[in-house]
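Undergrad: Okay, predicted coordinates and the sequence, questions at the end:
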Amino acid sequence: MLQSIKVGRKIDSLWLWRNLSFSLVEGTRLGLIGASGTGKSLLLRAIAGLDPLQEGDIKYQDRSLSSWNLPMYRSQVIYLHQQPVMFEGTVEANLKAVYQLSVHRHHHYDGHKIISLLDLFNRPWEFLQKQATSLSGGESQITALIRGLQLEPMVLLLDECTASLDPTTKSQVESAIATWLEQDSRRACIWTSHDSQQIQRVTNEQLLLSKYTG
Amino acid sequence: MSDNYLSLSYGQLAISCLLILINVILSLRLRLGLERSLIIASVRMVLQLLLIGYVLEWLFALSDPFSVLAIALLMAGIAGISAVNRTSRRFSGIYWQSLLSVSVSAFIVTNLSVAGIIQVKPWFNPQYLIPMLGMILGNTLTGISLGLERFMEGLVINRNAIETLLALGATRWEATHREIQIAVKTGMIPTINSMMVMGLVSLPGMMTGQILAGASPIDAVRYQIVIVFAIASASALGTISVVLFAWWTLLSPNHQLRSDRLQ
């Protein structure tokens, strides 16, 4: 469903990675492995279309990113930041905010869906009334995940999304993503993590970035 | 209006130096260290103004539109460049974008007010055109540099929030609309603030000058109103235009925030 064709990323005339090709098949959980500074985040950002590529192409559903309307593409392939950003207002306001974007205007905030998502993280509905900007790191990450998952994306790009989380929250995040994958066999995700045990646990395919350094 | 104002002699100008001299003596006695910059600033101010007085005398005698336009373009060019020089970040294209925003907005507004509203004949009469343009350029320059600075700063500080919105499917316009809004408002703060208290707290310099030179206050006020509208309009046009140009450069058509283009 998602292909990377000989992509390359150059920073200050040095290739971070080059000739990088892989294809993400439906149902796959792909893990990106590489030391810090090898450009794992930059690869995820490039897949999300947030950074320009110096070489190669990324295709989603056999269409090159350049021919996609990027907001439409990003409503299906969602990149979750390592450090989640909360908008002003309550958690609920954060979840509702995305429906103001024109790409989601045909969808509406669904309270029932949110309650079942909260269940995955063992959070009561009162959690929605908390001020988003004063949440702990773990709670922010949960909010960011729910904010993305409610849009029912087909691909999640998870950039160190459990770094700095306590073990309980970490396993809640892992199982929430597993549940999201089970709900539709066409869904897939890409993980990066410093924790190699976690990568072994949550992914079923791995890509070694160091093989592609320029 | 020229028959009832008091012309100042150089002797009188010399006496006005005493006003500064008092402060120089005070600064020396109290060792405030103010005297050096006070003297330098005074000398510069006097030389620059005397010089511009002679330049204006020469300028006002010009009777062909091309020399007047050349001077106007030179003034706009200096304004466009100094607007960028006051900002702390750069991207390629920032200079021509600022030049274009300053000159187009100032020229449209100056011409509308001089030829259309005040109905000066001929339209390029330098006695009206040049001082009007100068005042409009000065204020537009401030608006542009404040707006540009705030916009670039906003993109850098709120980069993560903007990219979070983009990653959730926002268009580049939706993701940065708030930054555009704040930048344009920031650029307009000086103009709006001064309009709010004009006549209550401050008597505008131009109006004061006209009144001192013998014009009736009512006439002076009418000119002032036209000029304030012109200034506000040109500042707003210039600020909006320069922020949109920067937006167009720093947010690519495929909805990416190009922080790499900012230096």
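TA: It's in. Quantities reported herein were computed from a predicted structural model and do not represent experimental measurements.

Undergrad: For the one residue sitting closest to the centre of chain A, list the residues it contacts.
TA: Nearest to the geometric centre of chain A sits A:L157, at 2.7 Å (CA atoms, centre = their mean). Neighbouring residues of A:L157 by CB atoms under 8 Å, 6 or more residues apart in numbering or on different chains: A:44, A:47-48, A:77-80, A:189-190. C-beta here means a position set from N, CA and C on the backbone, and glycine is covered the same way.

Undergrad: Wasn't it part of a strand?
TA: Yes: under DSSP: H, G, I helix; E, B strand; the rest coil, A:L157 falls within a strand.

Undergrad: Mind listing the residues bridging to A:S64?
TA: Beta-bridge partners of A:S64, counted by DSSP bridges, are A:K59.

Undergrad: sorry, back to before: mind pulling up the pLDDT for the residue nearest to the centre of chain A?
TA: Listed pLDDT for A:L157 reads 97.

Undergrad: Pull up the gap between it and A:R201, please.
TA: Applying CB to CB, to the nearest Å, the value for A:L157 to A:R201 is 18 Å.

Undergrad: Low-confidence stretches in chain A?
TA: A:214 (pLDDT under 70).

Undergrad: Tell me the residues of it that contact chain B?
TA: Counting by CB under 8 Å from any CB of the partner chain, chain A comes close to chain B at A:48-52, A:65-66, A:70-72, A:74-75, A:78-81, A:83-85, A:87, A:98, A:100-104, A:144, A:147-148, A:151.

Undergrad: still on that earlier bit, looking at the contacts of A:L157, spot the one nearest chain B.
TA: A:Y79 (4.3 Å; CB to the nearest CB).

Undergrad: That closest one: how many residues sit nearby?
TA: When neighbours are counted by other CB atoms under 10 Å in any protein chain shown, A:Y79 registers 26.

Undergrad: So in that sheet, which strands flank the strand or helix carrying it, and in what orientation?
TA: Taking DSSP states H and E as the criterion, A:Y79 maps to strand A:77-80. Strand A:77-80 has its sheet partners listed here by DSSP bridges as strand A:155-159 (parallel).

Undergrad: Next secondary structure element downstream of the partner strand?
TA: Past strand A:155-159, the next helix or strand by DSSP H and E is helix A:167-182.

Undergrad: angle of that following helix against strand A:155-159?
TA: For helix A:167-182 against strand A:155-159, the angle by axes from the mean of the first three to the mean of the last three CA atoms, to 10 degrees is 160 degrees.

Undergrad: which strands and helices sit next to helix A:167-182?
TA: Under the contact criterion of 3 or more CB pairs under 8 Å, 6 or more residues apart in numbering or on different chains; DSSP states H and E, helix A:167-182 touches helix A:111-120, helix A:137-149, strand A:155-159, strand A:188-192, helix A:196-202.

Undergrad: Buried residues, the helix or strand of chain B with the lowest mean pLDDT. List them.
TA: In chain B, no helix or strand scores lower on mean pLDDT, DSSP states H and E than helix B:205-212, which sits at a mean of 82. Neighbour-count burial for helix B:205-212, counted by 16 or more other CB atoms under 10 Å in any protein chain shown, picks out B:206-207, B:210-211.

Undergrad: Mind putting those into a markdown table with distance to B:L26?
TA: Output for the buried residues of helix B:205-212, formatted as a markdown table (distance: CB to CB, whole Å):
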| residue | distance to B:L26 |
| --- | --- |
| B:M206 | 31 |
| B:M207 | 31 |
| B:Q210 | 33 |
| B:I211 | 31 |
